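Trainee: dropping the sequence and predicted coords here.
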Amino acid sequence: MDAQGERKDRKAFRLPSSFRIEAISGDGSGAATTTELQDISVVGLCMISHEERSVGQTIEFRIPGVDQNFKASGQVMWCSQNSSGDYSVGVRFAGANASIEDEIFTKIREIETYRQTVKDFEGRDLSSEEAAKEWRAKFESTIEP
C-alpha cells in the first residue's frame, strides 16, 4: 500500500462509489449488515465494515440501490482497520456470475457518471441511491435487455 492506503497491486480499474451494500457471512452465521461500498471493479469490491473480516471468509452481498435482484458472493482478500475504527474489506468476486457482476459494474459506472454530471452541470449533490433512482427513471427503460 502507498502512503494514502491505496493498494499498488491493482490490475483492474476501481470505480469509487458509496452505494449501501448488504453483506452476510457466506456460512450463514451472523445477521446481514448494511454498510457502504467504497469502490468496485469487474473483479471485486471494497466495502466498509463495522466488524473485522477474516481473509478467506466468504461473503454474500446485495446492492439493492442498483438492482433489487442482484446477489453475489466473494472471498475476503484483505481487511484493514481505518482511522475511524471501521474496516476496509477487499472482496474478490467468486466469478460464478461473471456476466451479472459485469452488468452491475456497468450500471454503477453509468449511475456514478450521471451523479457527477448532475453535480457539475446542475449543482446538485446526489447520493448514489438518489442518482440511481433518477438514472433509472430517465434511462433504464431505453436500454436494450
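Mentor: That came through, no problem. Residues are numbered from 1 along each chain as shown.
Trainee: only C-alpha atoms for contact and neighbour calcs from this point on.
Mentor: Will do.
Trainee: state the distance from the residue nearest the centre of the chain to residue 138.
Mentor: Residue closest to the average C-alpha location in the chain (C-alpha atoms, centre = their mean): residue 37, at 4.1 Å. According to C-alpha to C-alpha, to the nearest Å, residue 37 stands 24 Å off from residue 138.
Trainee: picking up where we left off before, please identify the helix or strand for the residue nearest to the centre of the chain.
Mentor: Following DSSP states H and E, one finds residue 37 within strand 33-40.
Trainee: against which helices or strands is that strand packed?
Mentor: Counting by 3 or more C-alpha pairs under 8 Å, 6 or more residues apart in numbering; DSSP states H and E, the packing neighbours recorded for strand 33-40 are strand 15-16, strand 20-25, strand 44-49.
Trainee: report the angle between the axes of whichever helix or strand comes after the last one and strand 33-40?
Mentor: Sequence order places strand 58-62 as the next helix or strand after strand 44-49, per DSSP H and E. With axes from the mean of the first three to the mean of the last three C-alpha atoms, to 10 degrees applied, the angle from strand 58-62 to strand 33-40 works out at 90 degrees.
Trainee: ok, and the closest non-adjacent residue to residue 73?
Mentor: Excluding the flanking residues, the one nearest residue 73 by C-alpha to C-alpha, 6 or more residues apart in numbering is residue 60, at 4.1 Å.
Trainee: one more: residue 32?
Mentor: residue 24 (4.5 Å).
Trainee: tell me what that neighbour is bridged to.
Mentor: Beta-bridge partners for residue 24, by DSSP bridges, are residue 60.
Trainee: neighbours of it, just the number please.
Mentor: Neighbours of residue 24 under the rule other C-alpha atoms under 10 Å: 18.
Trainee: which helix in this protein runs the most residues?
Mentor: Secondary structure of the chain per DSSP state H: the longest helix is helix 98-122.
Trainee: just the buried residues of it, please?
Mentor: Neighbour-count burial for helix 98-122, counted by 16 or more other C-alpha atoms under 10 Å, picks out 101, 104, 105, 107, 108, 109, 111, 112, 114, 115, 116.
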